[in-house]
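In: kindly return the folded structure for what I paste below:
(one chain, ligands or ions: 1)
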Amino acid sequence: MPAPPAFPACTSASSQVLRVGVVGFGCFGQFLAGHLSRTNHVFVTSIDEQVCGMAAELSCTWVPWGRAVTEMLTIARVDVLIIATSIVSFASVVSELPFDLLRSAQPLIVDVLSVKEYPRGVLLREMPAQCDILCTHPMFGPSSGRGSWEGLRFVFDEVRISNAGRARSFLSFFELAGCAMVPMSCAQHDQQAASTQFLTHLTGRVLAEQACEPTPIDTVGYQNLCAVKDNVCKDSFDLFYGLFKYNQCSLDQLRRFRDSLSAVEAQLMERMQKESGERPRSRGAAGRPSAAHGRRRGARLVRRRSRDCKRASRRWQGALGA
Ligand code: NAP
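Out: The predicted model follows:
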């Protein structure tokens with residue numbers, strides 16, 4: 001695997017303590033805020049008031065949802081505003097922000113969505129020109145980033161930055177935590193994430209459909225499959241749907257997955273067809289099927305499988321509205 005491109009070394013501004021607002025305090029928002037609060041002042045909010053108790057536990061200050069961003073900008077005077085809500089709610093959360101205040105307070109706006117072209121477009125369209133925009137994707141979460149962050153990848157695109165010191169200071173938090181910093185365009189991220197992250201989530205969800213569970217005779221390979229399923233299914237379905245709907249490359253990846261399954265199936269059926277055509281069966285002469293019979297039977301099986309595949313494909317396309 002190629003090494004991530006070098007990230008420019010920290011400047012003296014990098015150790016600056018920041019005032020950070022986190023909008024969206026779900027699974028990932030809590031994980032991120034809890035880490036950021038070790039060296040920064042962190043203010044958090046969520047549409048779900050029930051999680052407010054978690055704020056103090058994570059050394060963060062809770063701000064009630066209704067006027068949260070207004071208070072974060074005027075009272076807490078945050079330098080950085082991170083939007084960590086679900087992908088599917090991102091545009092509506094952004095549309096509710098107090099744009100006049102943003103224009104005067106001019107914070108750095110950061111998104112952490114697992115897709116990148118989509119938030120980039122929304123932020124460029126909606127955010128006042130006075131606000132800097134940094135699109136990021138930490139390629140880890142509460143499970144994979146439970147321990148050290150050493151070597152975990154942090155993808156970012158400095159979409160619109162005028163205050164370079166502040167952006168660098170924010171990024172250096174992740175660099176100092178040991179992350180491998182990967183500067184990358186949002187478009188390139190989505191291309192690569194569809195064939196890596198979305199593929200992993202898709203595989204895990206397919207395995208969950210198969211009720212892939214431990215047995216007394218598990219091989220290590222099978223245990224690894226179960227682990228993929230378990231990890232992926234800990235994330236919300238909203239996240240999985242967001243990875244699919246808001247990354248233009250994901251539908252193509254899903255189709256390649258289905259086609260690859262058909263191709264592997266065809267390889268097996270062809271081999272079976274070949275064998276039944278070549279090898280005489282050991283039954284008595286009277287009931288023995290001829291080689292031609294075997295070939296016809298194999299061909300019938302292949303045709304039937306291919307019909308099943310086409311039907312399944314039509315169902316997928318119907319479901320996706322494609
Ligand atoms: P998620 O299901 O993607 O998002 C859950 C959060 O979004 C919760 O705080 C939820 O509040 C909030 N939310 C949902 N609908 C909302 C709405 N209409 N208005 C306001 N808030 C709403 O799960 P997540 O794992 O916490 O991910 C959060 C973000 O981080 C996503 O954009 C994801 O792509 C990104 N991310 C996640 C990971 C990861 O490992 N999980 C890693 C990197 C980046 P409620 O609890 O009230 O529903």
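In: what ranges do the strands span in the stretch 101-250 of the chain?
Out: Remark: strands assigned in the stretch 101-250 of the chain by DSSP state E, counting those that start in this stretch are 108-111, 132-138, 153-160, 180-183.
In: mean confidence score for the last one?
Out: Throughout strand 180-183, pLDDT has a mean value of 98.
In: is it up against the ligand anywhere?
Out: No: for a cut-off given as CB under 6 Å from any ligand atom, strand 180-183 has no contacts with the ligand; the smallest distance is 13.6 Å. Placement of C-beta: from N, CA and C, glycine included.
In: and that strand, what does it pack against?
Out: Under the contact definition 3 or more CB pairs under 8 Å, 6 or more residues apart in numbering; DSSP states H and E, strand 180-183 sits against strand 153-160, helix 164-176.
In: ok so, going back, tell me which of the strands of the stretch 101-250 of the chain is the most buried.
Out: Comparing those by mean neighbour count (mean count of other CB atoms under 10 Å), strand 108-111 ranks first with a mean of 24.
In: now the stretch 151-300 of the chain against the ligand: closest residue?
Out: Distance from the ligand to each residue of the stretch 151-300 of the chain (CB to the nearest ligand atom) is smallest for Ser236, at 3.4 Å.
In: next up, the contacts around that residue.
Out: The contact partners of Ser236, by CB atoms under 8 Å, 6 or more residues apart in numbering, come to 26-27, 86.
In: make it 10 Å
Out: Neighbouring residues of Ser236 by CB atoms under 10 Å, 6 or more residues apart in numbering: 26-28, 86, 88, 242.
In: flag every residue of this structure that's near the ligand.
Out: Contact residues, the chain versus the ligand (CB under 6 Å from any ligand atom): 24-29, 46-48, 84-87, 89, 92-93, 112-114, 138, 141, 235-236, 238-239, 242.
In: which of those are buried, as a PyMOL select command?
Out: Those of these that count as buried under 16 or more other CB atoms under 10 Å are selected in PyMOL with:
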select buried, resi 24+25+26+27+28+29+46+84+85+86+87+93+112+113+114+138+141+235+239+242
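In: now the residue in the chain that the ligand sits nearest to. Nearest residue, chain neighbours left out?
Out: Here the chain gets closest to the ligand at one residue, Gly141, 1.9 Å apart by CB to the nearest ligand atom. Once flanking residues are discounted, Gly141 sits nearest to Phe28: 5.8 Å by CB to CB, 6 or more residues apart in numbering.
In: hmm, Val112 and the one you found touching each other?
Out: Yes: in this structure Phe28 lies within contact range of Val112 using CB atoms under 10 Å: 6.8 Å.
In: overlap in contacts, the two.
Out: Common neighbours of Phe28 and Val112 (criterion: CB under 10 Å, 6+ apart): 22, 84-85, 138, 141.
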